[in-house]
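*Asks:* this one's structure only:
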């Protein structure tokens, strides 16, 4: 349907230019023009060529110029076939072929000047008309160039807007995955323990933990939605809460700090917190570990987080968790690695530079 509308628009423009040329040519002189057949052929062919101006802008501009070169010396000088050439010249410039449009315009004026010089006393274009025509051609090329650059600026702006919208959707998806995935995974573990456990006391403890974890999940969700509304972002100061939450599910979590803790750019603080959160979630769900060590290292140039567990190790399971952590690190120009340790267990490590974030 869009293609049909485009062709109908091209046809309408072609017919409009042809009608204008014919009307001006018929009204220009009451007498029959010289070589009328050649004249009408040039008018019709030049206007018909405009139908192809989108696909072949430069050839159409050259062809209409040739039609003018044939029309004006051999038939009625008052004809308006020049309108087709002017439209083709503007179209050529508006599609980004500004240099070629300028060359065609200059060549056309050179041809007019050469023809008038040979005509001598029988010149058809006086000096004023020649300068007016030159100014017209220059204006057409300039307006076409402005149209092209304005269109490109709008296209670039739209492309940037689409890219930002895509990045924002991915960011929201990562946030919701990290927040809900972490807490729901812990709830799932405790629900399984409560369902299959034979000790009523432990089952009751699991249910209490589920209640607290679901409460934490709701709080995290509200905090995430607030962050998406430009509120406060999660902080590494809350790693202790993550450790306490994981400890309630049977994991022993030890936190170590290398260097001096400092204020970090919000993006870095946020990404580091989410890496720790997602890594602890994966340990609780997949590692069958007893102990987890979370190391946070501060330097003048970057901050690093490293999560080591003593679980079963092995290759990382494919999924959104690992991919999301890697995307967060790469978005800040940092590094990310997740692999089994040689002495057993699994290691997740992310290094996030500070300068790029600022």
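*Replies:* Structure's in. What do you need? Predicted model only: the values in this text are computed from it and were never measured.
*Asks:* okay, CA-based contacts and neighbour counts for the rest of this
*Replies:* OK.
*Asks:* And residue 262, what's its pLDDT?
*Replies:* What the model reports for residue 262 is a pLDDT of 83.
*Asks:* what's the answer for the one 5 residues further on, then?
*Replies:* We have a pLDDT of 83 for residue 267.
*Asks:* any idea how far it lies from residue 307?
*Replies:* Using C-alpha to C-alpha, to the nearest Å, residue 267 is found at 20 Å from residue 307.
*Asks:* Between these two, point out the one with more neighbours.
*Replies:* Each of residue 267 and residue 307 has its neighbours counted (other C-alpha atoms under 10 Å); residue 307 has more, 24 against 17.
*Asks:* List of residues touching the helix or strand containing residue 278?
*Replies:* Element membership for residue 278, per DSSP states H and E: helix 266-282. If you take C-alpha atoms under 8 Å, 6 or more residues apart in numbering as the criterion, helix 266-282 is touched by 178, 181-183, 185-186, 233-236, 238-239, 242, 246, 294, 304-307, 321, 325, 328-329, 332, 348, 350, 352-354, 357.
*Asks:* In PyMOL, select just the buried ones from these.
*Replies:* Burial among the contacts of helix 266-282 is assessed by 16 or more other C-alpha atoms under 10 Å; the matching PyMOL selection reads:
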select buried, resi 178+181+182+183+185+186+233+234+235+236+239+242+246+294+304+305+306+307+321+325+328+329+332+348+350+352+353+354+357
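*Asks:* From the contacts of helix 266-282, which land in strands?
*Replies:* Of those, the ones assigned to strands by DSSP state E are 294, 304, 305, 306, 307, 348, 350, 352, 353.
*Asks:* so residue 338 makes contact with residue 345?
*Replies:* No: contact status for residue 338 versus residue 345: not in contact, 11.3 Å apart, counting by C-alpha atoms under 8 Å.
*Asks:* what ranges do the helices span in the stretch 151-300 of the chain?
*Replies:* In the stretch 151-300 of the chain, the helices defined using DSSP state H, counting those that start in this stretch lie at 200-228, 239-247, 266-282.
*Asks:* what's the most buried one of these?
*Replies:* helix 266-282 (a mean of 23; mean count of other C-alpha atoms under 10 Å).
*Asks:* Can you name the residues bridging to the nearest residue to residue 261 once chain neighbours are set aside?
*Replies:* Counting by C-alpha to C-alpha, 6 or more residues apart in numbering, the nearest residue to residue 261 once its immediate chain neighbours are dropped is residue 298, at 6.3 Å. Taking DSSP bridges as the rule, residue 298 bridges to residue 303.
*Asks:* So that it lines up with my notes, have the first residue be 597 from now on.
*Replies:* Sure thing, new numbering starts at 597, so read that last one as residue 894.
*Asks:* who touches residue 894 in this structure?
*Replies:* In this structure, residue 894 makes contact with 853, 854, 855, 856, 857, 858, 900, judged by C-alpha under 8 Å, 6+ apart.
*Asks:* one more time with 10 Å
*Replies:* By C-alpha atoms under 10 Å, 6 or more residues apart in numbering, the contact list for residue 894 reads 853, 854, 855, 856, 857, 858, 860, 900, 901, 947.
*Asks:* So for the last one, what pLDDT did the model give?
*Replies:* Meaning residue 947. On the pLDDT scale, residue 947 gets 94.
*Asks:* what bridges to it?
*Replies:* Here residue 947, judged by DSSP bridges, has bridge partners residue 900, residue 931.
*Asks:* ok, it touching residue 927?
*Replies:* No: contact criterion C-alpha atoms under 10 Å: residue 947 and residue 927 do not qualify, at 11.7 Å.
*Asks:* Of the two, give the one with the bigger neighbour count.
*Replies:* Comparing residue 947 with residue 927 by other C-alpha under 10 Å, the one with more neighbours is residue 947, at 23 against 14.
*Asks:* you'd agree residue 801 is up against residue 846?
*Replies:* No: the criterion here is C-alpha under 10 Å, and residue 801 misses it with residue 846 at 11.6 Å.
*Asks:* one step back: okay, the angle between the helix holding residue 874 and helix 835-843?
*Replies:* 10 degrees (axes from the mean of the first three to the mean of the last three C-alpha atoms, to 10 degrees).
*Asks:* Work out the gap between helix 862-878 and the centre of the chain.
*Replies:* How far helix 862-878 lies from its chain's middle: 27 Å, per C-alpha atoms, centre = their mean, to the nearest Å.
*Asks:* Equivalent analysis for stretch 929-941, please.
*Replies:* 32 Å.
*Asks:* for the record, mean pLDDT for that stretch?
*Replies:* On average, the pLDDT along stretch 929-941 is 89.
*Asks:* And for stretch 751-765?
*Replies:* What stretch 751-765 shows for mean pLDDT is 78.
*Asks:* got a list of contacts for it?
*Replies:* By C-alpha under 10 Å, 6+ apart, the surrounding residues in contact with stretch 751-765 are 745-750, 766-771, 824.
*Asks:* Mind picking the two most distant members of those residues?
*Replies:* Greatest spatial distance among the contacts of stretch 751-765 (C-alpha to C-alpha): 745 and 771, at 38.5 Å.
*Asks:* And these two? Which one has more around it.
*Replies:* Per other C-alpha under 10 Å, whichever of residue 745 and residue 771 has more neighbours is residue 771, with 21 against 14.
*Asks:* from memory that one sits against residue 920, does it?
*Replies:* Yes: assessed by C-alpha under 10 Å, residue 771 is found in contact with residue 920 at 9.2 Å.
*Asks:* roughly how far apart are residue 808 and residue 840?
*Replies:* Distance from residue 808 to residue 840, counting by C-alpha to C-alpha: 12 Å.
*Asks:* now residue 881
*Replies:* 16 Å.
*Asks:* Equivalent analysis for residue 799, please.
*Replies:* 19 Å.
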